[in-house]
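>>> sequence first, then the predicted structure, then my questions.
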Amino acid sequence: MISFKTRNDAASGVLMILGIVLVVGAAGWALVKLPDKRTVVAPPPGLAKQQSEIDDAARKQTSLQNEINQMDWGEGPDEVVPEALAVINRLAVLHHLKVTAFRPQKSVSVVGMTEIPFALTVEGTFLDTMGFVRDLETTDTKLAVNLVQVNSAESSTDHVSGTVNFVAYLKAAPAPANSAKGGKNA
């Protein structure tokens, strides 16, 4: 029994009240429903959509990288020029065209790749020239046409002079790592 008549009774009474409060508090805490782990770590709204968009972007990046790899010659510029000329000659013979000029231009370095531009002049009939350009664009030549210009060679015939500019793409070589200064040669 709790009694506050004497000083000794008051101290024990306070301890008993404190104990009762602690027991009631613990019982009340146990009765309160604690949050479920699933609700605590539930993903924020829209996360599934964002993850789906990230996955779609990764698939698109892989697809584009495959297309880039298909257009890459995988060789040095010195090997590309003769191979490009061989491709042009093969297509020119197929389309009964005369190659009057084949001029490789100065290569251009862009982020992650090197472009080797070419200028080409062919002579023949209009239909043969357009068939040549179509095959140059659509076959697996790995050459990208960026300019086609057709001029009439003779006013009374269908013979034309065609100028075709195209590009060969090479992946840029990885940049050499900077060596730390020091050692014997520093």
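Received, thanks.
>>> can you give the distance from stretch 48-67 to the centre of its chain?
9 Å (C-alpha atoms, centre = their mean, to the nearest Å).
>>> what segments of the chain are strands?
For the chain, the strands defined by DSSP state E occupy 98-104, 108-110, 113-125, 143-152, 159-171.
>>> elements contacting the first one?
Looking back up the chat, that one is strand 98-104. helix 77-94, strand 113-125 (3 or more C-beta pairs under 8 Å, 6 or more residues apart in numbering; DSSP states H and E). Placement of C-beta: from N, CA and C, glycine included.
>>> and the gap between the residue most central in space within the chain and I68?
In the chain, the centroid-proximal residue (C-alpha atoms, centre = their mean) is Q61; its distance is 4.2 Å. Separation of Q61 from I68 (C-beta to C-beta, to the nearest Å): 10 Å.
>>> on that earlier part again, what does the model give the residue nearest to the centre of the chain for pLDDT?
For Q61, the pLDDT comes out at 90.
>>> okay, now the unreliable bits of the protein?
Residue ranges of the chain with pLDDT under 70: 1-4, 33-43, 72-73, 172-186.
>>> outline the domain layout of it.
Annotated domains of the chain cover 43-70, 73-171 [automatic domain parsing].
>>> can you redo those as TSV with distance to A10?
Listed next are the domains of the chain as TSV, based on distance: least, C-beta to C-beta, whole Å:
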stretch	distance to A10
domain 43-70	55
domain 73-171	84
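>>> what's the most buried one of these?
Neighbour counts (mean count of other C-beta atoms under 10 Å) averaged over each of these peak at domain 73-171, with a mean of 15.
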